[in-house]
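Novice: sequence plus predicted model, see below.
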Amino acid sequence: MEILDPQPEPQNEPRQERRYYLPSHSNYMIWSILCTIFCCQIGGIIAIVYSVQSNNLYNCALAASDEYLRNRMFNESEQKNRTAKLWLFISGGCMILFAIIWIILMVLGVFAGFLENL
């Protein structure tokens, strides 16, 4: 009777994780919050929503294992980022326009009677 050697146990070799690198992600969250506080609340809140969506998509893209899905999520996050930036510019432009109209009306004296009653 012949004695067979037992099967060698597989050695636990460390698995090398694949690391996927995406380009850096610009973030408009701080600008959106500042715009909400100091400029236009409606446009700032919309910009905050798009900034949060952009950040969430970017973080999901970093965690995705499928290359197609990762690229798609990254492109969607960049699109949301551009939309947040657009709303920031719209809000800032409205604030600047409002300030210019206010200054013109002050110079013309439209608010002269209103300011005397204060």
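Specialist: Here it is on my side, so go on. Residues are numbered from 1 along each chain as shown.

Novice: drop to CA atoms for contacts and neighbour counts, all remaining ones
Specialist: Fine.

Novice: let me know the secondary structure of Gly93.
Specialist: Assigned by DSSP: H, G, I helix; E, B strand; the rest coil, the conformation of Gly93 is helix.

Novice: so where's the chain uncertain?
Specialist: Within the chain, the segments meeting pLDDT under 70 span 1-20, 111-118.

Novice: how about the residue nearest the centre of the chain, what does it touch?
Specialist: For the chain, the residue nearest the mean C-alpha position is Ser51 (2.7 Å; CA atoms, centre = their mean). Ser51 makes contacts with 27-29, 32, 80-81, 84, as judged by CA atoms under 8 Å, 6 or more residues apart in numbering.

Novice: go ahead and confirm Ile48 touches Leu34.
Specialist: No: Ile48 is beyond contact range of Leu34, at 10.0 Å (criterion: CA atoms under 8 Å).
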